[in-house]
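Chemist: Sequence and predicted structure, then a few things I'm wondering about:
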Amino acid sequence: MVCVITGDVINSTKKPPQIWLSLLKKELNKIGKSPKVWEIYRGDSFQVLINKPEDALLAAIKIKAALKTLPNIDVRMALGLGSRTYNAAKITESNGSAFVHSGEKFETLKNEKQNLSIKSNWPDFDKEMNLFLRIILIPMDSWTINSAEAVKVAIENPGKSQEGLGLMMGIKQNAVSSRLKRAYYGEVMEVNEMYKIKLKALK
């Protein structure tokens, strides 16, 4: 099983591409190399393959946090869990149920007014996880630039104390604590852990 994330950048046309494109590419490069693992197409849409599906939700959260460090920019993403039956040189030419699920879910996101959602072979898993995602998206969609930066740095440095994170960001420990609290970082990470546990039970 793999996970395919299909996404697009919200408000991309209202900003010069160089503002958000380099940041998106930087995050995708941390996952793997283009075009085998990820591709950007149609200007502001992208697809990325996550070989370990248990890592997919955290990867999506991190992409969102990175893009929300820019003013008035956000991202819409669909996570498709399933198989990869055809492995092409370009991810956009590969195939399998993970790609189908991701594409189908992505097409419904605008109508559902949900910026992060999951589709798999397990409807009960999808229903439960998408409820939790709708709940954590309430704070996530409203992350400020400062909150998004704090979340991004915290995810990238899981072993660091808040004091250590503060030194990296040039702010005091209590400011880090405040930003992560306002971002509901603890709750977001709890949902990520629950996703991993529930996924493991299905595999």
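Modeler: That came through fine.
Chemist: Contacts only, for the residue at the greatest distance from the centre of the chain.
Modeler: The centre of the chain is farthest from one residue, Lys172, which by C-alpha atoms, centre = their mean lies 27.3 Å away. The neighbours of Lys172, taking C-beta atoms under 8 Å, 6 or more residues apart in numbering as the test, are Gly166. Every residue, glycine included, has its C-beta placed from N, CA and C.
Chemist: Next up, identify which helix or strand the residue positioned nearest the centre of the chain is on.
Modeler: With distances taken as C-alpha atoms, centre = their mean, Ala60 lies nearest the centre of the chain, 1.1 Å away. Assigned by DSSP states H and E, Ala60 falls within helix 56-67.
Chemist: got it, and Phe99?
Modeler: Using DSSP H and E, Phe99 sits within helix 97-112.
Chemist: ok now that helix, how far from the chain's centre?
Modeler: Relative to the centre of its chain, helix 97-112 is centred 15 Å away, using C-alpha atoms, centre = their mean, to the nearest Å.
Chemist: Keeping just the C-alphas, turn it into CSV.
Modeler: The C-alpha coordinates for helix 97-112 follow below in CSV (Å, rounded to 0.1, in the frame of the first residue of the first chain):
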residue,chain,number,x,y,z
SER,A,97,-6.1,2.4,-6.7
ALA,A,98,-4.1,5.0,-4.6
PHE,A,99,-4.0,7.3,-7.6
VAL,A,100,-7.7,6.7,-8.4
HIS,A,101,-8.8,7.4,-4.8
SER,A,102,-6.6,10.5,-4.6
GLY,A,103,-8.0,11.9,-7.9
GLU,A,104,-11.6,11.1,-7.1
LYS,A,105,-11.4,12.6,-3.6
PHE,A,106,-9.6,15.7,-4.9
GLU,A,107,-12.4,16.4,-7.4
THR,A,108,-15.0,16.6,-4.5
LEU,A,109,-13.0,18.8,-2.1
LYS,A,110,-14.3,22.2,-3.4
ASN,A,111,-17.9,21.1,-3.1
GLU,A,112,-17.3,19.6,0.3
